[in-house]
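K.L.:
Dropping the sequence and predicted coords here.
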There are 2 protein chains.
Amino acid sequence: MAISSLNELTDVLKQKARKFKIAVACGNDANTINALYEAADNGFATPVLIGDETKIQDIIKEQNLDGSLFNIIDEKDDLKALNLALKMVKNDEADVLMKGLIGTDKFLHAVLNKENGLMKPKAVMSYVCAVEVPKYHKLLFVTDTAVLPYPDLSQKIAMLKYSIAMAKQFGIEKPKVALIGASEKINNGFQNSNDYAVMCKMVERGQLPDCIIDGPLDIFLACDKESVAIKGVSTPVNGDADILLFPNLEACNSFYKGLMLFAGGELAGLIQGTEKPVVVMSRSESEKSKYYCVALACLMCLNK
Amino acid sequence: MAISSLNELTDVLKQKARKFKIAVACGNDANTINALYEAADNGFATPVLIGDETKIQDIIKEQNLDGSLFNIIDEKDDLKALNLALKMVKNDEADVLMKGLIGTDKFLHAVLNKENGLMKPKAVMSYVCAVEVPKYHKLLFVTDTAVLPYPDLSQKIAMLKYSIAMAKQFGIEKPKVALIGASEKINNGFQNSNDYAVMCKMVERGQLPDCIIDGPLDIFLACDKESVAIKGVSTPVNGDADILLFPNLEACNSFYKGLMLFAGGELAGLIQGTEKPVVVMSRSESEKSKYYCVALACLMCLNK
């Protein structure tokens, strides 16, 4: 059975009763500690907070948390703490790398470092979010919410592979992929719709992971069966998309933030292209979404 | 007092008790007739349906409507019906032009025609929607949902002027404009954020209509005060935007369709750049939204 909500995601992890070690670079951050506490308390994570121990202990006390659930490594220097966390993950002493109170630029710079970083060889860095909204009957995997501004064809193909791999980890054997545009019309003036046509043909030829793919499709045709019927468009996605692949960052970012703010959405998101899961949470996300991000990282470790 | 919902929009029109004449090109369309019937029944529109009279009468009977609210001009040829409707509006015999059962391409081609069309001299055609979602405290004017794929600076300026003019017609004296990006950071690699900086400076210098403008801002900073506080960004829009101007069509289109589908949204949208209001409804919109589109066209006729 496929996981169809973020609650089910955490249920699966609770049942597995496997604890994933999460190395946090600069763990002296209340948001990070709270999200990790919930994951540890639910039995699927062992947080290793690397950072200023005094500050970490203060936060744990302030938040009234059980300190015994945390391992702490005292390292007051931010860059040293970051490198230590990275090294633990690289050396298989930890399963997941997570950003604490350190700039995203510095953090990603270290992850992208060719010698000591965490990227797979020649991999494109991207970002996939599993989005849950009460008005959709299952999770929506959307990409790229955060990294690639105007993906070209090869980057779009990477985004497709990442989102399919994630959907499969959720138990969706043959995900339905909608390549998003403003309408379903191919317009040769626009590179995006041409790229989409190429991707559909590549799936047909077996050159990409197995999936049901179509595009360009607008949000209505991707996610609403009724619109498909009204418009009379024949599409195998048929208003039942699992994955929405967007043509640019602004489109994907605005779409998911609109759902978070106005549609009661929650999400679990993860950096893509790394050898091990890497968690970078945004401060604007809800407490719940931060916890789900940790859970998603743990799910991606399963069967590996 | 500013109009803060689409219901208030129709209330204002009911109170004015002025009937706007709406010339429909190819009026033999049930969706169009239903939306117009509601507007006529509420006392603010006089529909003139130009098209195949037999078919029109059949639809009116099928839908059980009071036929006396409609004027009908029998013209079976689609292009002739379109030209007749256009001529009526051009000659001030009607206030609003509306598309019925005729292809959008043909219809817009006629509107854009330099000699006999309805565009203001040298005007850019664009589209602005007033979007209502239960979770936002007022209307959101979003642009461009439908026409300009990748607006350049001068097109963005046109979009800004149109959306400000519409917001003012809703009684918003000094609208707050958020120029939407994936984050609030200026990135010189990207033309959109540079264009936004130019537009902010032009408003500061009084070269554009009076408004409170800032960008790039993401959806959270544009529409959520709490996110502004959490992120510690100083912005005069301050999570209270009236207008969202998007960097490309795919972003705006996906955003508003996400809200329609998942956030209980309704909208009223209108073609921009024309001498008189022009209504083009999408079949995928809800019945209510279609009625609101007609109402918006009538509102834009007031005080003219």
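P.N.:
Cool, the structure landed.
K.L.:
Leaving out the residues flanking it, which one is nearest to residue A:150?
P.N.:
residue A:248 (5.2 Å; C-beta to C-beta, 6 or more residues apart in numbering or on different chains). The C-beta positions use only the backbone N, C-alpha and C, and glycine is treated the same way.
K.L.:
isn't the one you found right up against residue B:248?
P.N.:
Yes: using C-beta atoms under 8 Å, residue A:248 is in contact with residue B:248, at 6.6 Å.
K.L.:
Which residues are in contact with residue A:268?
P.N.:
Contacts for residue A:268 were tallied using C-beta atoms under 8 Å, 6 or more residues apart in numbering or on different chains; they are A:6, A:9, A:129-130, A:289, A:292-293, A:295-296.
K.L.:
redo that, cut-off 6 Å
P.N.:
A:6, A:130, A:292-293, A:296 (C-beta atoms under 6 Å, 6 or more residues apart in numbering or on different chains).
K.L.:
now those in CSV, with distance to chain B and pLDDT?
P.N.:
Shown next, in CSV, are the contacts of residue A:268 (distance: C-beta to the nearest C-beta, whole Å; pLDDT from 0 to 100):
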residue, distance to chain B, pLDDT
A:6, 15, 97
A:130, 15, 98
A:292, 18, 97
A:293, 16, 97
A:296, 21, 98
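K.L.:
three-state assignment of the residue nearest to residue A:279 when sequence neighbours are not counted?
P.N.:
Nearest residue to residue A:279, sequence neighbours excluded (C-beta to C-beta, 6+ apart): residue A:98, at 4.1 Å. Recorded secondary structure, residue A:98: strand (DSSP: H, G, I helix; E, B strand; the rest coil).
K.L.:
who's in contact with residue A:98?
P.N.:
Contacts of residue A:98 by C-beta under 6 Å, 6+ apart are A:22, A:24, A:279.
K.L.:
If we only consider these, which is nearest to chain B?
P.N.:
Proximity of the contacts of residue A:98 to chain B, judged by C-beta to the nearest C-beta, is greatest for residue A:279, which lies at 18.6 Å.
K.L.:
how about the closest one, phi and psi?
P.N.:
Torsion angles at residue A:279 (phi, psi; degrees, to the nearest 10) stand at phi -100, psi 120.
K.L.:
re earlier: so the residue nearest to residue A:150 touches residue A:148, yeah?
P.N.:
No: using C-beta atoms under 6 Å, residue A:248 is not in contact with residue A:148; the gap is 8.4 Å.
K.L.:
Please report the number of neighbouring residues for the residue nearest to residue A:150.
P.N.:
23 (other C-beta atoms under 10 Å in any protein chain shown).
K.L.:
May I see the contacts of residue A:98 arranged in a markdown table, with neighbour count as well?
P.N.:
Formatted as a markdown table, the contacts of residue A:98 follow (neighbours: other C-beta atoms under 10 Å in any protein chain shown):
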| residue | neighbour count |
| --- | --- |
| A:22 | 32 |
| A:24 | 32 |
| A:279 | 24 |
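K.L.:
domain parsing for chain A?
P.N.:
A:6-119+A:274-301, A:126-262 (automatic domain parsing).
K.L.:
Quick check: which of the ones you listed is buried the most?
P.N.:
Of all the domains of chain A, domain A:126-262 has the most neighbours on average by mean count of other C-beta atoms under 10 Å in any protein chain shown, namely a mean of 21.
K.L.:
which stretch of helix or strand covers residue A:179?
P.N.:
strand A:176-180 (DSSP states H and E).
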